[in-house]
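J.: Got a predicted model here, sequence first, then my questions.
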Amino acid sequence: MSAVRSNPLLRVSRAFGGGILMLAAAHATHAAAETVTFPGDGVTLEAQLFRPQGAGPFPAVVALHGCSGLYERKGERLSARHADWAERLSAEGFLVLLPDSFTSRGLGPQCRVRERETRPSRERVADALAAKAYLQTRPDVKAGAISLLGWSNGGSTVLYAVEPRHAAKDGKPDFAVAIAFYPGCRVPAESGRWHTRLKLHILIGGADDWTPAAPCESLANTAQGAGESVAIKVYPGAYHDFDHPNQPVHLVRGLAFTGSGTGAAHSGTDPASRADAIKLVPTLLAR
């Protein structure tokens with residue numbers, strides 16, 4: 001693996017909406033990414049690990065990429081969203097692990113693939129559980145303070161991973177809390193069988209036409225009615241990828257799954273929603 005790919009994009013700036021968005025520019029200390037591997041379900045998983053300074057033990061976050069994968073298109077460095085969040089959370093004192101569900105299996109981006117070999121309901125759930133098991137072998141991790149976070153396809157994986165059937169069976173502590181950015185909620189909501197064993201937070205844009213907010217609101221309302229701990233925050237006017245550090249809103253075509261079924265959906269940064277999420281997420285994670 002190249003040195004470029006194994007290290008995060010530490011600083012990116014781009015003119016956007018009349019201002020400058022800086023990737024990790026406000027951080028006094030930058031964490032370097034370390035490539036690690038660990039056993040999964042029939043696969044050796046590769047991941048990027050961001051470790052705060054100090055001896056620890058640290059609270060940790062398993063962070064799951066979306067359907068575009070963990071890296072930029074050429075596969076040489078982490079995508080800007082993942083580098084940004086990993087930098088920010090490690091600066092807040094969290095050890096962050098980003099497992100690569102796709103290239104670990106020899107796969108590329110999956111956004112335009114309908115018949116997926118790596119599904120959020122199965123293989124990616126197994127990856128999340130394997131990532132937690134790996135972290136719980138590390139002396140620099142608080143075994144009972146590991147949170148689960150995911151974006152889009154990874155957010156959908158979070159929805160499946162929190163179901164009671166995936167509770168820890170090895171005697172080790174479970175995930176402490178889960179956060180899903182703009183997951184696909186339609187299938188779990190329509191099944192009528194979805195439940196969560198964990199405290200779950202859903203963050204989604206009100207204008208999202210890739211993974212619409214309405215099914216997630218329905219899912220949250222049903223779960224709350226059953227006494228389960230699900231909170232949802234809908235950001236009015238925000239689209240998919242609203243937390244990206246520097247992506248102008250644009251129309252993406254040729255997608256395998258969208259809310260309208262047309263294969264087209266909008267994606268891009270919403271500065272106000274992004275700023276709110278940056279403040280909110282560290283307060284929700286287990287310490």
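T.: Perfect, I can see it now. Numbers count the residues shown, from 1 in each chain.
J.: Please count neighbours and contacts with C-alpha atoms only from this point.
T.: Will do.
J.: Need the distance between the two termini of stretch 59-70.
T.: Criterion Cα to Cα, to the nearest Å; first-to-last residue distance in stretch 59-70 is 22 Å.
J.: Could you pull up the mean pLDDT of that stretch?
T.: Averaging the model's pLDDT scores along stretch 59-70 yields 97.
J.: next one: it to chain centre, how far?
T.: In terms of Cα atoms, centre = their mean, to the nearest Å, the gap separating the centre of stretch 59-70 from the centre of its chain is 4 Å.
J.: which other helices and strands contact the strand of greatest length in the chain?
T.: For the chain, the strand reaching the highest residue count under DSSP state E is reported as strand 141-151. For strand 141-151, the packing partners by 3 or more Cα pairs under 8 Å, 6 or more residues apart in numbering; DSSP states H and E come out as strand 58-64, helix 123-135, helix 153-161, strand 178-181.
J.: hmm, 10 Å instead?
T.: Strand 141-151 sits against strand 58-64, strand 95-100, helix 123-135, helix 153-161, strand 178-181, strand 200-205, with contacts defined as 3 or more Cα pairs under 10 Å, 6 or more residues apart in numbering; DSSP states H and E.
J.: At which residues are the strands of the stretch 1-150 of the chain located?
T.: 13-16, 19-22, 33-39, 44-50, 58-64, 95-100, 141-151 (DSSP state E, counting those that start in this stretch).
J.: Reformat the ones you listed as TSV; add mean neighbour count and distance to Leu284.
T.: Converted to TSV, the strands of the stretch 1-150 of the chain look like this (neighbours: other Cα atoms under 10 Å; distance: least, Cα to Cα, whole Å):
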stretch	mean neighbour count	distance to Leu284
strand 13-16	13	28
strand 19-22	14	24
strand 33-39	16	23
strand 44-50	22	19
strand 58-64	27	11
strand 95-100	26	15
strand 141-151	23	9
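J.: got a markdown table for these, with distance to Arg116 too?
T.: Formatted as a markdown table, the entries for the strands of the stretch 1-150 of the chain read as follows, by distance: least, Cα to Cα, whole Å:
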| stretch | distance to Arg116 |
| --- | --- |
| strand 13-16 | 34 |
| strand 19-22 | 34 |
| strand 33-39 | 21 |
| strand 44-50 | 18 |
| strand 58-64 | 17 |
| strand 95-100 | 15 |
| strand 141-151 | 17 |
